[in-house]
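Participant: give the three-dimensional model of this entry:
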Amino acid sequence: MLKLLRTVDGPWCWSWKSLEATLRGTHFRAGAQMLAGGREPLTGSIRAPSRRQQHTAAAEPVEVDVKRLEEEHDGIVEVQMCRHKARNALGHVFVSQMRELVSTLSSDSSVRVVVFKSLVPKVFCAGADLKERALMTDSESDLFVHGLRSLMTQIALLPMPTIAAIDGVAVGGGLELALACDLRTAVYSAQMGLIETTRGLLPGAGGSQRLPRMVGITLAKELIFTGRCVGGQAALEMGLVNRAVEQNQTGDAAYREALSLATEIVPQAPIAVRMAKEAMNRGSEVDISSAMAIERMCYARVIPTQDRREGMAAFIEKRPPRYTGQ
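Facilitator: All right, here's what the predicted structure looks like:
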């Protein structure tokens with residue numbers, strides 16, 4: 001069994017460098033900076049202006065926007081995909097704007113939950129922009145897909161919970177975007193699939209790795225080999241989505257379900273939720289002994305917080321807790 005960690009300055013202060021050295025070759029490096037305090041996503045707040053304001057005088061259109069909800073939904077941020085003419089296809093401008101937006105959100109501690117939604121009727125994301133791809137050389141295509149893979153990893157590494165609201169078609173890179181989120185809601189009429197083999201390709205933005213981890217390797221192989229699409233009910237039964245509902249008259253039932261789910265998360269202690277996400281994401285990639293060490297490190301981060309003391313006080317006083325994220 002691996003010898004894990006050494007204690008520093010008391011039983012609850014652990015050395016991330018020791019863990020990273022012990023687990024060399026795993027996926028920890030991407031998240032090490034956050035746990036080690038290299039970039040602290042749990043303090044400070046960035047209130048970015050609307051992308052529509054940023055791009056008012058710009059030549060390129062807004063294809064990805066952000067909306068911060070208020071009042072009873074305070075703490076929830078919507079990432080709105082709005083490339084109407086191309087059904088939210090993953091083109092250069094779309095990917096660039098999404099990357100910029102996700103980078104801003106990653107360091108904003110005021111954000112409790114991020115919901116990815118589409119403003120294009122009956123479509124979540126139609127995947128790669130094949131018209132753009134047809135104009136690329138082989139090396140340009142490879143670099144672009146590498147960038148897509150990097151974007152999906154960037155979404156997966158957001159410190160707060162993320163939810164994809166699938167109110168329509170999510171195929172190829174569109175489903176890979178949804179797979180990069182923590183949770184997914186869908187309508188029964190949605191169509192989801194990794195269809196790349198029908199185009200002479202394979203899922204290249206994380207789908208070949210995330211789908212097997214989600215539904216099991218045997219089922220994932222069947223879906224990827226055949227390029228088959230499934231509806232919301234089948235996706236729910238195989239564990240591809242968390243919730244599935246009937247579509248409503250306004251065409252946003254999956255979004256409404258995602259908002260309901262986000263509203264359940266928002267009242268919980270935000271640092272605890274973020275550390276729980278970190279513990280599960282990192283722990284699922286390694287052996288159980290290493291995973292237990294990761295859990296302990298994440299747990300150590302919540303012990304000195306004001307939110308933990310507030311949670312204990314609220315329980316004793318029999319009142320709802322008032323968490324501040326500190």
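
Participant: wasn't residue 80 part of a strand?
Facilitator: Yes - assigned with DSSP: H, G, I helix; E, B strand; the rest coil, residue 80 falls within a strand.

Participant: that one and residue 240, how far apart?
Facilitator: Between residue 80 and residue 240 the computed distance is 23 Å (Cβ to Cβ, to the nearest Å). (C-beta placed from N, C-alpha, C; glycine too.)

Participant: of the two, which one has the most company?
Facilitator: Neighbours were tallied for residue 80 and for residue 240 using other Cβ atoms under 10 Å; the higher tally belongs to residue 240 (25 against 19).

Participant: now that one. Nearest residue, chain neighbours left out?
Facilitator: Spatial nearest neighbour of residue 240, chain neighbours left out: residue 215 (5.7 Å); criterion: Cβ to Cβ, 6 or more residues apart in numbering.

Participant: and the one you found, how many neighbours?
Facilitator: Neighbours of residue 215 (other Cβ under 10 Å): 17.

Participant: for it, give me its contacts.
Facilitator: Each residue near residue 215 by Cβ atoms under 8 Å, 6 or more residues apart in numbering is listed here: 223, 238-240.

Participant: check residue 81 too.
Facilitator: Residues in contact with residue 81 (Cβ under 8 Å, 6+ apart) are 63-64, 88, 94, 116-120, 124-125.

Participant: one more pass at 7 Å, please.
Facilitator: Residues counted as contacts of residue 81 (Cβ atoms under 7 Å, 6 or more residues apart in numbering) are 64, 88, 118-120, 125.

Participant: between those, which sits nearest residue 185?
Facilitator: Closest approach between these and residue 185, by Cβ to Cβ: residue 118, at 12.5 Å.

Participant: any low-confidence regions in the stretch 1-150 of the chain?
Facilitator: 1-59 (pLDDT under 70).

Participant: try it again at 90.
Facilitator: The stretch 1-150 of the chain contains residues with pLDDT under 90 at 1-60, 128-134.

Participant: show me where it has strands.
Facilitator: Ranges of strands in the stretch 1-150 of the chain, per DSSP state E, counting those that start in this stretch, are 64-68, 76-81, 113-118, 123-125.

Participant: from the chain's centre, how far out does the second one sit?
Facilitator: Taking Cα atoms, centre = their mean, to the nearest Å, the mean C-alpha location of strand 76-81 is offset from the chain mean by 12 Å.

Participant: what's the angle between that strand and strand 64-68?
Facilitator: 160 degrees (axes from the mean of the first three to the mean of the last three Cα atoms, to 10 degrees).

Participant: list the neighbouring strands of strand 76-81 plus their orientation.
Facilitator: Sheet pairing for strand 76-81, assigned by DSSP bridges, gives strand 64-68 (antiparallel), strand 113-118 (parallel).

Participant: and these: which comes nearest residue 137?
Facilitator: So among the strands paired with strand 76-81, strand 64-68 is nearest, using Cβ to Cβ, at 26.2 Å.

Participant: in PDB, list the C-alpha atoms belonging to that closest one.
Facilitator: Written as PDB, here are the backbone C-alpha positions of strand 64-68 (Å, rounded to 0.1, in the frame of the first residue of the first chain):
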ATOM      1  CA  VAL A  64     -22.100  32.600 -25.300                       C
ATOM      2  CA  ASP A  65     -23.500  34.900 -22.600                       C
ATOM      3  CA  VAL A  66     -23.700  34.900 -18.800                       C
ATOM      4  CA  LYS A  67     -26.600  35.900 -16.600                       C
ATOM      5  CA  ARG A  68     -26.500  36.200 -12.800                       C
END
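
Participant: list the buried residues for it?
Facilitator: 64-66, 68 (16 or more other Cβ atoms under 10 Å).

Participant: which one of the residues you listed is nearest residue 133?
Facilitator: residue 64 (19.0 Å).

Participant: so what sits opposite the closest one in the bridge?
Facilitator: residue 81.

Participant: quick check: it vs residue 202, distance?
Facilitator: From residue 64 to residue 202 the distance is 26 Å (Cβ to Cβ).

Participant: what's the helix or strand for residue 299?
Facilitator: helix 288-302 (DSSP states H and E).

Participant: before we move on, back to that, out of the strands of the stretch 1-150 of the chain, flag the one nearest residue 161.
Facilitator: Judging the strands of the stretch 1-150 of the chain by Cβ to Cβ, what sits closest to residue 161 is strand 113-118, at 5.1 Å.
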